[in-house]
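Student: predicted model and sequence below, questions to follow.
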Amino acid sequence: MPFTVATWNINSVRLRMPIVERFLQTYQPDVLCLQEIKVPDELFPTEAFHAIGYEHVTFHGQKGYHGVATVAKHRIDIEEKRNFCDMGDTRHMSTRIEIAGKSILLHNFYVPAGGDEPDPVKNPKFRHKLDFIEEMRCFKALSGDNTASILVGDLNIAPGENDVWSHKQMLKIVSHTPVETEGLEAMRRAGEWEDLMRHHVPADEKLFTWWSYRAADWAASNRGRRLDHVWGSANLAPLLTDIEVVRDARGWDRPSDHVPVIARFNLDA
DNA sequence: ATGGTGGCTACGCCA
């Protein structure tokens, strides 16, 4: 049975419903995880998702900032909304989906960006980001025969040399500093998570999911970063059939600065 | 070395 999961930092779900609809109608993922929805729960556009076949709509939002949502064609149940660093930010939600005889736990994350100054002493936002990725160690990928875990979202860190347009020029830029990239990789290995995007695209190939709004011509300069990720438990890695980064979406009308990433599985394999 | 754009909201904050 095919199973498709997508993740997308949407930077205001209400403003971007036209391109969310375009994406869902074109790509038809079973599940879509959104980040930075920037909407309180009472104003989430549930009906717009129902109208295009996404009957199962879960969200954890707040006014103005952050917020995650997971929408699906199949039934999903909320497992947890974890209050990371006791900050009251809506940056995580996990849901469970039962499909093809498996029980899949799906984590949807929006990791703090961390501000501009990569110094945890001078910059409390950077300290918060480092604390956040440490706390993420609480979620392990561990799984049995009939269970599996997926972790997706905007992790706001580009860990590899080819996850940024220039490794050398990015080393002191928040999102690619060694303390962040090593911290994220250590946490990923400690939780026994597999980086499924890099299972499909070799580590020596450039791979980006985000391009700044500030570039005069984002496509021509191509100064991108891989900030969005799809991780899975080891038993899912052999079932992965495809990873697709929908780069075109960066050029759609009124775009997010992030593009969708789609992971396709064959759960029978 | 600097500033560039965009989305909250209602002016500065955050990315």
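Tutor: Received the coordinates, thanks.

Student: neighbours of residue A:97, how many?
Tutor: Residue A:97 has 22 neighbouring residues, counting by other CB atoms under 10 Å. For glycine as for every other residue, the C-beta is placed from the backbone atoms N, C-alpha and C.

Student: was I right about it contacting residue A:4?
Tutor: No: taking CB atoms under 8 Å as the definition, residue A:97 is not a contact partner of residue A:4, at 11.9 Å.

Student: so what sits against both of the two?
Tutor: Common neighbours of residue A:97 and residue A:4, using CB atoms under 8 Å, 6 or more residues apart in numbering, are residue A:31.

Student: distance of residue A:73 relative to DNA strand B?
Tutor: 26 Å (CB to the nearest atom of the strand, to the nearest Å).

Student: what about the nearest residue to that residue once chain neighbours are set aside, neighbour count?
Tutor: Closest residue to residue A:73 apart from its sequence neighbours, by CB to CB, 6 or more residues apart in numbering: residue A:30 at 5.5 Å. Neighbour count for residue A:30, taken as other CB under 10 Å: 19.

Student: for residue A:30, give me its contacts.
Tutor: Listed by CB under 8 Å, 6+ apart, the contact set of residue A:30 reads A:3-5, A:72-74, A:99.

Student: phi, psi for the spatially most central residue of chain A please.
Tutor: For chain A, residue A:153 is the residue whose C-alpha lies nearest the centre (CA atoms, centre = their mean; 1.3 Å). Torsion angles at residue A:153 (phi, psi; degrees, to the nearest 10) stand at phi 140, psi -180.

Student: what residues does chain A have near DNA strand B?
Tutor: With CB under 7 Å from any atom of the strand as the criterion, chain A meets DNA strand B at residues A:11-12, A:14-15, A:38, A:63-65, A:112-115, A:125, A:156, A:213-214, A:254.

Student: let's see that with 6 Å instead.
Tutor: Counting by CB under 6 Å from any atom of the strand, chain A comes close to DNA strand B at A:11-12, A:14-15, A:38, A:63-64, A:112-113, A:115, A:125, A:213-214, A:254.

Student: tabulate the residues you listed (CSV), appending neighbour count and pLDDT.
Tutor: Below are the residues of chain A next to DNA strand B laid out as CSV (neighbours: other CB atoms under 10 Å; pLDDT from 0 to 100):
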residue, neighbour count, pLDDT
A:11, 19, 98
A:12, 15, 98
A:14, 14, 98
A:15, 14, 98
A:38, 20, 98
A:63, 13, 97
A:64, 10, 96
A:112, 21, 98
A:113, 17, 98
A:115, 16, 97
A:125, 14, 97
A:213, 9, 98
A:214, 8, 97
A:254, 10, 98
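
Student: and those, which of them are in strands?
Tutor: Using DSSP state E, no member of the residues of chain A next to DNA strand B sits in strands.

Student: in chain A, which spans are strands?
Tutor: Secondary structure of chain A by DSSP E: the strands cover A:2-9, A:31-35, A:56-60, A:68-72, A:77-80, A:92-99, A:102-110, A:147-154, A:194-195, A:210-211, A:224-225, A:228-232, A:240-245, A:261-266.

Student: what's the most buried one of those?
Tutor: Across those, averaging neighbours per residue (mean count of other CB atoms under 10 Å) puts strand A:31-35 on top, at a mean of 28.
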